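J.: quick one, structure for this:
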Amino acid sequence: MRKFIFFFGFLFILSCESDGNNRFCDIINNQSINLTNPEFINLQVPGGWSYSNGGSQGLIIYNFGSSYKAFSRECPNNDTCTQRLVVENDIKMACPCDSYEYSILDGSPQTSGATQSVCEFRVVEVNNTVLNITNF
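T.: Sure thing, here's the model as predicted:
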């Protein structure tokens, strides 16, 4: 029995080792977004997006029609980049420092060589006019 416990404990420890590519997402304070504010007018239609405050670099919020997603504007594959992710052509996010592109659907990298996804935050629609953005 001891060998069994030792073996599974050893496997658990190995599974926790880092490959050096892991990064942690920002911790954000809860954000409330009032969709009736003029700065968020684009979020009232499916496919609309807007920049917002939150986290260390800000947020990108996207309307999927039946739900919303919020992503950090921090460039995920460049720790030294001080510029923010930008939305291009309403369908992708891009880092100005290294030109890596990311899907606005899920934050996954779309450029060869990019290994990290954009950090995503939890969005809860309180009613038809207010969004709460929190850590997962």
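
J.: just checking, residue 77 touches residue 100?
T.: Yes. Contact criterion Cβ atoms under 8 Å: residue 77 and residue 100 qualify, at 5.5 Å. Every C-beta, even on glycine, is put in place using the N, C-alpha and C of the backbone.

J.: so what sits against both of those two?
T.: 109, 113, 114 (Cβ atoms under 8 Å, 6 or more residues apart in numbering).

J.: ranking these by neighbours, who comes first?
T.: Among the shared contacts of residue 77 and residue 100, the one with the most neighbours (other Cβ atoms under 10 Å) is residue 114, at 20 neighbours.

J.: from residue 28, how far out is that one?
T.: Here residue 114 is placed at a distance of 23 Å from residue 28 (Cβ to Cβ, to the nearest Å).

J.: re earlier: and the shared contacts of residue 77 and residue 100 as a markdown table, adding distance to residue 51 and pLDDT?
T.: Output for those, formatted as a markdown table (distance: Cβ to Cβ, whole Å; pLDDT from 0 to 100):
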| residue | distance to residue 51 | pLDDT |
| --- | --- | --- |
| 109 | 21 | 97 |
| 113 | 26 | 93 |
| 114 | 21 | 95 |
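
J.: could these go into CSV alongside secondary structure and distance to residue 39?
T.: As requested, those are arranged in CSV below (DSSP: H, G, I helix; E, B strand; the rest coil; distance: Cβ to Cβ, whole Å):
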residue, secondary structure, distance to residue 39
109, strand, 29
113, coil, 34
114, coil, 30
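
J.: turn those residues into TSV, columns for distance to residue 84.
T.: TSV is the format used below for the shared contacts of residue 77 and residue 100 (distance: Cβ to Cβ, whole Å):
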residue	distance to residue 84
109	17
113	20
114	16
